[in-house]
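>>> Curious how this folds, go ahead:
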Amino acid sequence: MAFTLRQLQYFVAVAEQGSVTRAAQNLSISQSSITEAVKELENDLGVELFERHPRGLDITYNGHQFLRHATKILADVSDARRSFSNDAPAMGGKLHLGVTSLVAGYVLSDLLARFRRASPGVEVSAIEDNGSYLEHLLIGGELDVAVMVISNLRDRMALQAEIIETSPYRLWLPLGHPLVSADIISINDIAKEPLIMLTVDEIEENTGKLLTALGARPHVAFRTRSVEAVRSLVATGAGIALLPDLVYRPWSLEGDRIESRDVSGALPVVQVGMVWRKGSSLPQAARDFVGIAEALRSGRTR
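Sure thing, here's the model as predicted:
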C-alpha cells in the first residue's frame, strides 16, 4: 500500500519534535495514531526510520535521508493547493529580504524556494547580517521583511513580528558519552563538561545567561560561528553543545553520530519569525512571502 500524506505529516512532526509525545501534543492527536502511522510508513518503505529505545527514539540515517523527501513532498502539495487560492495573474515587483546567520540555512532556503515557485516574476534581493542591523534596516524602510530570531527582538515598539517556528534548546552529545544513557540530565551535569559554543545570532550570549542564571559556570572549550564545526567537534568528543533543536542533525559531515537529549529545568526556546515595520504598507510581494511562511507553519501544526 502506498504511503499517505498524513503518514508523511506525522513522520515529519516526530522527526522535527524528536518525540512522539511532543509531536502528538503539537498536532493535537493521540500518540497511538502517530505511532501506528509511522510504523505503517516504515513497513511500506521497508526501512526503519527511527531507532527505538527505552528513553524514546532517534532518527536513523535512512530516516534522515527520507526526511528531506517527505518535507519536499509536503511542500509541493502545499504549493499546489496555494496555486488555486489566488486567481490573479502572476505579479512582478521586488522583494527586499533580510536574514540572520542561524536562520539562513535552516529556514530561509525552504521559504525562498516556495516563494520563487509561487511568484517567479518577483525579483528577490536578500542580505544576511546580525539582528540589530536588520532591525535598523527594517525601521529605515530599506528592507520589506526579515526572517530572523525574534526571541530577543529589541525594538518591539517599531516592529511587527510573527512566529513561524519555535525551537527548544537541547543537549548535543557524542555517541557513547555517559550522559547519553542518563535518565535525567541537569544543568550541573553540563557545567562539568567542555562546551562547544556557537557564536551566531546571540546564541553564545543566551547560552551564557541561561547557565549563569541557573548557577552553572560554563567551561567553554571552543567558540565557532560554524554549525558544521560544532557538529564535527561534538561528534569526535571535543565537547558538548547546548543549541536550539532547529539546527540539530544526527550526523556530522564526516558521518559520525550526534545524540540529542533534553535537559531538566526551564530552558528557553528560540523563536524564529517574520519581522516588518509596524504601520508600513507592505508591497504585494512581501505580503505573499509572509503568506507562504504562515502556510508553512500551519502545514506543520495541522
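
>>> worst-scoring helix or strand of the chain, pLDDT-wise?
None of the helices or strands of the chain scores lower by mean pLDDT, DSSP states H and E than helix 203-213, at a mean of 75.

>>> Tell me which other helices or strands that helix touches.
The contact analysis (3 or more CB pairs under 8 Å, 6 or more residues apart in numbering; DSSP states H and E) places helix 203-213 against helix 187-191, strand 194-198, strand 241-244. Where you see a C-beta, it was placed from the backbone N, CA and C, and this is true even at glycine.

>>> Let's have the ones you listed in JSON lines, adding distance to Gly131, mean neighbour count and mean pLDDT.
As requested, the helices and strands packed on helix 203-213 are arranged in JSON lines below (distance: least, CB to CB, whole Å; neighbours: other CB atoms under 10 Å; pLDDT from 0 to 100):
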{"stretch": "helix 187-191", "distance to Gly131": "26", "mean neighbour count": "17", "mean pLDDT": "82"}
{"stretch": "strand 194-198", "distance to Gly131": "15", "mean neighbour count": "20", "mean pLDDT": "92"}
{"stretch": "strand 241-244", "distance to Gly131": "15", "mean neighbour count": "26", "mean pLDDT": "91"}
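
>>> Can you show me the helices along the protein?
Along the chain, the stretches classed as helices by DSSP state H are 5-17, 20-27, 31-45, 61-82, 101-103, 109-118, 131-139, 187-191, 203-213, 227-235, 284-301.

>>> Could you report the separation of the closest residue to Asp129 other than its chain neighbours from Ile163?
Residue nearest to Asp129 in three dimensions, not counting chain neighbours: Gly98, with 6.8 Å by CB to CB, 6 or more residues apart in numbering. According to CB to CB, to the nearest Å, Gly98 and Ile163 sit 17 Å apart.

>>> ok, now which ones touch the residue positioned nearest the centre of the chain?
The chain has Leu246 as the residue nearest its centroid, 2.9 Å off, counting by CA atoms, centre = their mean. Listed by CB atoms under 8 Å, 6 or more residues apart in numbering, the contact partners of Leu246 are Leu102, Tyr106, Val107, Glu165, Ser167, Val270, Val272.

>>> In contact with the last one, which residues?
With contact set as CB under 8 Å, 6+ apart, Val272 has these partners: Val103, Val107, Val147, Met148, Val149, Ile150, Ile163, Ile164, Glu165, Thr166, Ser167, Leu246.

>>> The closest residue to Ala13 other than its chain neighbours: neighbour count?
With sequence-adjacent residues excluded and distances taken as CB to CB, 6+ apart, Ala13 is closest to Ala23, at 4.0 Å. Residues within reach of Ala23, counting by other CB atoms under 10 Å, total 23.

>>> Name all residues that make contact with Ala23.
By CB under 8 Å, 6+ apart, the residues touching Ala23 are Tyr10, Ala13, Val14, Glu16, Gln17, Ile34.

>>> biggest separation within those residues, which pair?
Farthest-apart pair in these is Glu16 and Ile34; separation 12.4 Å (CB to CB).

>>> Isn't Val263 up against Ser186?
Yes: Val263 sits in contact with Ser186 when judged by CB atoms under 8 Å, with a separation of 7.1 Å.

>>> Please say which of those two ends up with more neighbours.
The residue with more neighbours, out of Val263 and Ser186, is Val263; 19 against 14, by other CB under 10 Å.

>>> where does the stretch 151-300 of the chain have low pLDDT?
213-214, 266, 297-300 (pLDDT under 70).

>>> residues in contact with Asp288?
So Asp288 contacts Met91, Phe115, Ala118, Ser119, Val122 (CB under 8 Å, 6+ apart).

>>> What's the separation between it and Tyr10?
Going from Asp288 to Tyr10 by CB to CB gives 29 Å.

>>> same deal with Asn26?
In terms of CB to CB, Asn26 sits 11 Å off from Tyr10.

>>> for Glu51, same thing?
17 Å.

>>> For the two, indicate the residue with more neighbours.
Neighbours were tallied for Glu51 and for Tyr10 using other CB under 10 Å; the higher tally belongs to Tyr10 (24 against 13).

>>> number of nearby residues for the nearest residue to that one once chain neighbours are set aside?
Closest residue to Tyr10 apart from its sequence neighbours, by CB to CB, 6+ apart: Ala37 at 4.3 Å. Neighbour count of Ala37, defined by other CB under 10 Å: 21.

>>> unless I'm mixing things up, Ala37 is touching Phe3, no?
No: the pair Ala37 / Phe3 is not scored as a contact, 9.1 Å apart, by CB under 8 Å.

>>> Enumerate every residue touching Leu138.
Gly98, Val145, Ala146, Leu159, Val275, Trp276, Arg277 are the contacts of Leu138 under CB under 8 Å, 6+ apart.
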